[in-house]
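>>> sequence? don't have it. structure:
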DNA sequence: CATGGGATTGACT
DNA sequence: GTCAATCCCATGC
């Protein structure tokens, strides 16, 4: 699989966020097409790099084309692609994938421990719902930033890795994804700079993490 | 050194 | 809709 070169990421982060839609993320024997992204830039307060260089933002301020992986809510790993020139804190958060290969592996990882502590044990069995565990649908595997890292087996150990050489790799849009229908909307789960429409997703795709707000103008 | 807050998810009321 | 889990790290004494 041919990966995107570092210079792909060396341009305005919002542009890269849009261009990454349709590209393929691969790790741990599984892969999926990116269907949702968000851009973050040091010039706005929702970005971790807003505060400048700290141990946490070292990768974020480093050279483009690297993976920035951090832990969220003490539980989930978040995968970002570092963008813009070295010294500028900017990254694209990969928020959702449409699974394309290694689905059995994804399902195994998602069903196993590693996500929410409660996921797995008590879940489905007790609620009586058939199959809350062990039989996740394809659309439940990678439809969220924490879900996709779990499905691909991406952990904090991958922080700083080169996205061209791996272990986490990103490849260009495959045939059939050359011109995705992209919708822009506001970012999810943040409390600052909420007005920026820096979230991009594939219109109508079933693997996105959350429905589109009315303002996005997507027809169901 | 102590504290507080998340770029979330899944279970439960 | 509400809520807890859980840990890294930025911030403030």
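Now that the structure is in, tell me what you want to look at. As the structure is a computational prediction, the values presented were derived from the model and not from experiment.

>>> low-scoring stretches of chain A, by residue?
Within chain A, the stretches with pLDDT under 70 are A:112-134, A:212-220.

>>> what about the most centrally placed residue in it, which helix or strand?
The centre of chain A sits closest to residue A:94, judged by Cα atoms, centre = their mean, with a distance of 1.9 Å. Per DSSP states H and E, residue A:94 falls inside strand A:90-101.

>>> sorry, back to before: so the residue nearest to the centre of chain A sits against residue A:146, correct?
No: contact criterion Cβ atoms under 8 Å: residue A:94 and residue A:146 do not qualify, at 11.1 Å. Heads up, the C-betas are built off the backbone N, CA and C, glycines and all.

>>> quick one: the strands in chain A?
A:24-27, A:30-41, A:67-72, A:76-82, A:90-101, A:169-171, A:182-185, A:199-202 (DSSP state E).

>>> mind checking if the last one is in reach of DNA strand B?
No: legend: contact between strand A:199-202 and DNA strand B by Cβ under 7 Å from any atom of the strand is lacking; minimum distance shown is 10.3 Å.

>>> identify the residue spatially nearest to residue A:180, adjacent ones excluded.
Among residues not flanking residue A:180 along the chain, residue A:22 sits closest, at 4.4 Å (Cβ to Cβ, 6 or more residues apart in numbering).

>>> where's residue A:196 relative to DNA strand B, distance?
12 Å (Cβ to the nearest atom of the strand, to the nearest Å).

>>> and of the strands of chain A, who's closest to DNA strand C?
Across the strands of chain A, DNA strand C has its closest neighbour in strand A:67-72 (4.7 Å, Cβ to the nearest atom of the strand).

>>> tell me which residues in the closest one are buried?
Under the neighbour-count criterion of 16 or more other Cβ atoms under 10 Å, strand A:67-72 has A:67, A:68, A:69, A:70 buried.
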